[in-house]
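Trainee: Build me a structure from this.
(3 chains)
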Amino acid sequence: MTIDVNAFQTDFRNWYQTHKRDLPWRRDQEPYHVWLSEIMLQQTRVDTVIPYYEKFLKLFPTVQDLANAPEDQLMKAWEGLGYYSRARNLQKAARQIVQDYNGEWPTTAKELQNLAGVGPYTAAAIASISFNEKIPAIDGNAFRVFSRLFEIKADIADPKSRQVFAAAILPLMPDAAPGDFNQAVMDLGSMIATPKEPDIAHDPLRKYSLSYADGTWMDYPVKTKQKKPKPVSLVGIVIQNESGAFLLQRRDHKGVLADLFTFPLLAETEPLDAAAQGRLIQAEFKESYNLMLADLKPLGGKPVRHTFTHLKWTIDLWTAQLPSDADLSYFPGEWVAPSESDRFPVPTVQKKMMKRYLATVS
DNA sequence: CACTCGTGGAT
DNA sequence: TATCCAAGAGT
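Mentor: Numbering: from 1, shown residues only, chains lettered A, B, ... in the order given. You can find the predicted model right below:
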């Protein structure tokens, strides 16, 4: 594979200067801004991230503000964005910067990877954009763009493939503005060299592309298929006291939706009929929480469905009553009045359950 | 290293 | 509805 690197860089740079997107985190090269945006953009679309990014910068203008933020305020600001461990790692890393690095950002990708939540991609992105390190930032766009350019058949789901791509990309990077090169790859991948139906006619790199020449671009990137989400049946219990407050449960610090608040959820080892669900709920509340629910009954209607990357939840909703003076010593959660329900970070599935409940009882 | 960890848009 | 997948990282 012989390629005129100078011509390639010129074509690519010219295209980027004309077509690059105007994004909030491109207003400067502040590592705090670049880092925050890169964490939010992990597995998340630009349009989704923008409002969260703007809100975060208003709430936490500096890395010191983020390091000092109350956890619930942080999680609340992240609510709905998904992959919530990113938010916890965000604050861990902010505290690393303030305490371990005395507020001075490390300037190399190698050092940046010591920060919580910063892996090889994010470290390379920050190092190249903020500190002009010549290192390829290899994300899904880069895998797609360069596998098609050079017909690279390494499986991108295999971590070992990263070095194959790095070796192919590095010789193409310019000494000046390597961060622009990496961002150009992302813009090209999201606007032109898309997964389905790439706009080949407007691709500034089309004359360098082996797969375009061979008509094989649909075969790239090579990626092993992901498994189907595992079906899980659950019951969700909408419990209210005599003043109408809801009993919300703080989920375990580990696992799915860690630390967030939902109606109490119980997983069934296998799908149960209504009678068995009722017995499960009463037994679990008695044995685990020492609580006796009153007036327990199915809400009725279709179950609430929610699909994660690896799980497919089917939730049958129930309703019950519990006095406000019930002893919650063994229950990880608290009463939440409808008026103050937005003080707690809740995942999307909780919003779905609440919406279904309110629609059914009204 | 295979698995875990969310959400919403596109098709 | 089913599937893919979007600027991945931690374990």
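Trainee: In the stretch 201-350 of chain A, which residue sits closest to DNA strand C?
Mentor: residue A:225 (4.8 Å; CB to the nearest atom of the strand). The C-beta positions use only the backbone N, C-alpha and C, and glycine is treated the same way.
Trainee: Is that residue located within a strand, as I assumed?
Mentor: No: using DSSP: H, G, I helix; E, B strand; the rest coil, the secondary structure at residue A:225 is coil, not a strand.
Trainee: if I look at it, how far off is residue A:177?
Mentor: Applying CB to CB, to the nearest Å, the value for residue A:225 to residue A:177 is 37 Å.
Trainee: Of the two, which one has the most company?
Mentor: Between residue A:225 and residue A:177, counted using other CB atoms under 10 Å, residue A:177 has the larger neighbour count: 17 against 6.
Trainee: And for residue A:94, the neighbour number?
Mentor: Residues near residue A:94, counting by other CB under 10 Å, number 25.
Trainee: isn't residue A:20 right up against residue A:186?
Mentor: No: counting by CB atoms under 8 Å, residue A:20 stays clear of residue A:186, with 9.7 Å between them.
Trainee: and the two? which has more neighbours close in?
Mentor: Neighbours around residue A:20 and residue A:186, counted as other CB under 10 Å, are more numerous at residue A:186. The numbers are 20 against 16.
Trainee: I'd assumed residue A:140 was in contact with the more buried one.
Mentor: No: assessed by CB under 8 Å, residue A:186 is found out of contact with residue A:140, at 9.2 Å.
Trainee: Could you report the pLDDT at the residue of the stretch 201-350 of chain A closest to DNA strand C?
Mentor: At residue A:225, the model reports a pLDDT of 79.
Trainee: residue in chain A nearest to DNA strand C?
Mentor: For chain A, the residue closest to DNA strand C is residue A:119, as judged by CB to the nearest atom of the strand, at 2.5 Å.
Trainee: Identify the residues contacting that residue.
Mentor: residue A:113 (CB atoms under 8 Å, 6 or more residues apart in numbering).
Trainee: quick one: what helix or strand has the closest residue to DNA strand B within the stretch 1-150 of chain A in it?
Mentor: Nearest residue of the stretch 1-150 of chain A to DNA strand B: residue A:82, at 2.6 Å (CB to the nearest atom of the strand). Residue A:82 belongs to no helix or strand when elements are defined using DSSP states H and E.
Trainee: Would you mind measuring from it to residue A:280?
Mentor: As for residue A:82, its distance to residue A:280 is 29 Å (criterion: CB to CB).
Trainee: could you point out which element follows the host helix or strand of residue A:128?
Mentor: Element membership for residue A:128, per DSSP H and E: helix A:120-131. Using DSSP H and E, the helix or strand that follows helix A:120-131 towards the C-terminus is helix A:140-150.
Trainee: and that following helix with DNA strand C, contact?
Mentor: Yes: Helix A:140-150 lies within reach of DNA strand C by CB under 7 Å from any atom of the strand, at A:140, A:141, A:144.
Trainee: Also stretch A:124-132?
Mentor: Yes: Stretch A:124-132 reaches DNA strand C (CB under 7 Å from any atom of the strand) through residue A:125.
Trainee: Could I get the buried residue list for that stretch?
Mentor: Counting neighbours by 16 or more other CB atoms under 10 Å, one finds that the buried residues in stretch A:124-132 are A:124, A:125, A:126, A:127, A:128, A:129, A:130, A:131.
Trainee: same deal with stretch A:71-89?
Mentor: Quick answer for stretch A:71-89 (16+ other CB under 10 Å): A:74-79, A:81-82, A:84, A:86-89.
Trainee: Likewise for stretch A:252-262?
Mentor: Those would be A:256, A:257, A:259, A:260, A:261, A:262, for stretch A:252-262 by 16+ other CB under 10 Å.
Trainee: quick one: contacts for the first one?
Mentor: Taking CB under 8 Å, 6+ apart as the definition of contact, the neighbours of residue A:256 are A:308, A:311.
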